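Participant: sequence isn't available, so here's the structure alone:
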């Protein structure tokens, strides 16, 4: 799993020129040898579905190709052993019964690799040939072997409706997988897909996916109220800082520190300079958007108002971006799944009143937040950014809990009273409306003061609370005398 990849440029998207996919050896439909000129060919619109099927390049199948003919995602998947994700068990259970599943998430989180594990046919819309074929006749997807993966489907938004129509005609399971790293281009209207296409979010790798460790405390058991809380782990505070900085993007795993920094910078630059314009978001001052994103990163794990974030992004400037422009920033970055705000928990049938409705700010990966503010391991442990470490650790914990909660069919939010008297970092609510309250503490030793808000929550919600948890950087999982579970983040399991 620990491989250096000098053949990949810092953008993580393209191979060096000498390793790029060579052109095909001849035309897609070569002319007979005795002909001196190719015959007139029909336009894509004039061809039958069968003819169009024949024009789909052979690389739409799952047969291995030489590394030089594979893109980064394919190359990475072939060279490196696929590491099962939390979502894999969820997909394996549900796909036989669901006709279409859309895997959504930021670029580089592993959507394509995860979907390929269960696809019989793969169509990559980043491939110009395959995209042209699909654009000419999207109904061709009905005739390909299933399950069919449509990778980066948002590049041809019409595919969504064609999948929906195909599912209407045949609702049997395990037909379509759609992987998308952005929403459709701005301004395009589509059917929601409700009742036909099930959406699942894939986020960066969590701790148990990055390491071959055996977590011992199950979130599902905590939601049922019968969790066994025990176990020991050797991860230290320094190790958790490493995990924050090294990122959860699969392709970054095992890279040296400098290479990770270059990859993160290139990831952000490509998002601003390429992905946003491609999606229809054109900003006159990209540097202003980058400054706003940096200020947003500095507000990680807080409910800081957007007006204060704007002020922090434009100190001393008289002409600040308008409110509409800032709203466009947020819309654009959420479209790329770069922003991953944690919504406020909205209780139903609850005595709790006067709760804050604002979301907590998070980027899709805490490593991006750390990179944007220029944090290093030393500065987080001993230097000026040490006060920011707690926010980054909470962001890492939030990432882990959200991934696990999705597999348990639970939702995740945060709770804060309007006066700030009480705050619960994470509220995990199961299908039965029962909840687990979670506090995140950077310390390895938990005091009575650290759990006072959890006691308040239990007093307010009573039997609706199935368990109370403090996630820490300590080595041991145990229950305190008051029944609250103290769990190292590395020992939390789905």
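Facilitator: Right, received. Where do you want to start? These numbers come from a predicted model, not from an experiment.
Participant: all contacts plus neighbour counts: C-alpha atoms, from now on.
Facilitator: Noted.
Participant: beta partners of residue 104?
Facilitator: residue 180, residue 201 (DSSP bridges).
Participant: I'd guessed it sits against residue 199; true?
Facilitator: Yes. Between residue 104 and residue 199 a contact is recorded at 7.1 Å, counting by CA atoms under 8 Å.
Participant: the two: which has the busier surroundings?
Facilitator: Between residue 104 and residue 199, counted using other CA atoms under 10 Å, the more crowded position is residue 104 (22 against 15).
Participant: so who does the more buried one touch?
Facilitator: 111, 179-182, 199-202 (CA atoms under 8 Å, 6 or more residues apart in numbering).
Participant: may I ask which of the residues you listed has the most neighbours?
Facilitator: residue 179 (27 neighbours).
Participant: how much space between it and residue 108?
Facilitator: Distance of residue 179 to residue 108, given as CA to CA, to the nearest Å: 11 Å.
Participant: tell me where the model's unsure across the chain.
Facilitator: Residue ranges of the chain with pLDDT under 70: 1-80, 183-195.
Participant: hmm, 50 instead?
Facilitator: 1-79, 191 (pLDDT under 50).
Participant: just the helices from the stretch 51-200 of the chain, written as ranges.
Facilitator: 72-79, 86-94, 111-116, 128-136, 158-169 (DSSP state H, counting those that start in this stretch).
Participant: for those helices, give me JSON lines that also has distance to residue 411.
Facilitator: Compiled in JSON lines, the helices of the stretch 51-200 of the chain are given as follows (distance: least, CA to CA, whole Å):
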{"stretch": "helix 72-79", "distance to residue 411": "30"}
{"stretch": "helix 86-94", "distance to residue 411": "15"}
{"stretch": "helix 111-116", "distance to residue 411": "21"}
{"stretch": "helix 128-136", "distance to residue 411": "36"}
{"stretch": "helix 158-169", "distance to residue 411": "26"}
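Participant: what about stretch 482-492, how long is it end to end?
Facilitator: Start-to-end, stretch 482-492 (CA to CA) is 20 Å.
Participant: got it, and stretch 481-494?
Facilitator: For stretch 481-494, the end-to-end distance is 25 Å (CA to CA).
Participant: so that it lines up with my notes, have the first residue be 47 from now on.
Facilitator: Sure, I'll start numbering at 47, so the last one becomes stretch 527-540.
Participant: what sits up against that stretch?
Facilitator: Identification of contacts with stretch 527-540 by CA under 8 Å, 6+ apart yields 132, 253-254, 260-266, 275, 277-279, 281, 443, 450-451, 453-454, 492, 513-526.
Participant: list the ones among these that fall in strands.
Facilitator: The strands, defined by DSSP state E, take in 263-264, 513-518, 524-525 from the contacts of stretch 527-540.
Participant: for those residues, which one is nearest residue 488?
Facilitator: Nearest to residue 488 among the ones in strands among the contacts of stretch 527-540 is residue 518, at 5.7 Å by CA to CA.
Participant: ok, and the closest non-adjacent residue to that closest one?
Facilitator: Setting aside the residues directly before and after it, residue 518 is nearest to residue 534 in space (CA to CA, 6 or more residues apart in numbering), at 4.7 Å.
Participant: what number of residues lie near that neighbour?
Facilitator: Residue 534 - counted by other CA under 10 Å - has 28 other residues nearby.
Participant: dihedrals phi and psi, it?
Facilitator: Dihedral angles of residue 534 (phi, psi; degrees, to the nearest 10) stand at phi -60, psi 140.
Participant: tell me how far it lies from residue 413.
Facilitator: 20 Å.
Participant: kindly report the same for residue 398.
Facilitator: Distance from residue 398 to residue 413, by CA to CA: 34 Å.
Participant: of these two, which one has the most company?
Facilitator: residue 413 (25 against 14).
Participant: was I right about the more buried one contacting residue 291?
Facilitator: Yes. Between residue 413 and residue 291 there is a contact at 4.8 Å, judged by CA under 8 Å.
Participant: need the longest helix for the chain.
Facilitator: Using DSSP state H to define each element, the chain has its longest helix at helix 435-453.
Participant: tell me the helix or strand right after that helix.
Facilitator: strand 457-462 (DSSP states H and E).
Participant: what angle separates the following helix or strand past that following strand from strand 457-462?
Facilitator: In the C-terminal direction, the helix or strand that comes right after strand 457-462 (DSSP H and E) is strand 469-475. Our comparison of strand 469-475 with strand 457-462, counting by axes from the mean of the first three to the mean of the last three CA atoms, to 10 degrees, yields an angle of 160 degrees.
Participant: skip the chain neighbours and tell me the closest residue to residue 303.
Facilitator: In space, residue 303 is closest to residue 292, 7.2 Å off (CA to CA, 6+ apart).
Participant: I meant to write residue 181 there.
Facilitator: Per CA to CA, 6+ apart, closest to residue 181 is residue 202, 6.8 Å.
Participant: now do the contacts for that neighbour.
Facilitator: Residue 202 touches 171, 177, 181, counting by CA under 8 Å, 6+ apart.
Participant: quick one: which of these has the most company?
Facilitator: Within the contacts of residue 202, most neighbours by other CA under 10 Å means residue 171, with 21 neighbours.
Participant: which ones are touching that one?
Facilitator: 177, 196-199, 201-202.
Participant: most neighbours, which of the residues you listed?
Facilitator: Top of the contacts of residue 171 by neighbour count (other CA under 10 Å): residue 196, with 27 neighbours.
Participant: surely residue 154 touches residue 298?
Facilitator: No. Residue 154 lies out of contact with residue 298 (CA under 8 Å); the separation is 9.2 Å.
Participant: okay, now residue 135: neighbour count?
Facilitator: 11.
Participant: helix, strand or coil for the spatially most central residue of the chain?
Facilitator: Most central in the chain under CA atoms, centre = their mean is residue 249, positioned 2.6 Å from the mean C-alpha point. When classified by DSSP: H, G, I helix; E, B strand; the rest coil, residue 249 comes out as coil.
Participant: who's in contact with it?
Facilitator: 151-152, 155, 410, 445, 449.
Participant: and those as JSON lines, adding distance to residue 501 and neighbour count?
Facilitator: JSON lines is the format used below for the contacts of residue 249 (distance: CA to CA, whole Å; neighbours: other CA atoms under 10 Å):
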{"residue": "151", "distance to residue 501": "36", "neighbour count": "25"}
{"residue": "152", "distance to residue 501": "37", "neighbour count": "25"}
{"residue": "155", "distance to residue 501": "37", "neighbour count": "21"}
{"residue": "410", "distance to residue 501": "31", "neighbour count": "23"}
{"residue": "445", "distance to residue 501": "24", "neighbour count": "24"}
{"residue": "449", "distance to residue 501": "26", "neighbour count": "22"}
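Participant: for residue 386, state which of the contacts of residue 171 is nearest.
Facilitator: Using CA to CA, the contacts of residue 171 come closest to residue 386 at residue 198, 19.7 Å.
Participant: please name the nearest non-neighbouring residue to the closest one.
Facilitator: Nearest to residue 198 is residue 226, by CA to CA, 6+ apart, at 4.5 Å.
Participant: pretty sure the one you found contacts residue 195?
Facilitator: No. Residue 226 lies out of contact with residue 195 (CA under 8 Å); the separation is 10.7 Å.
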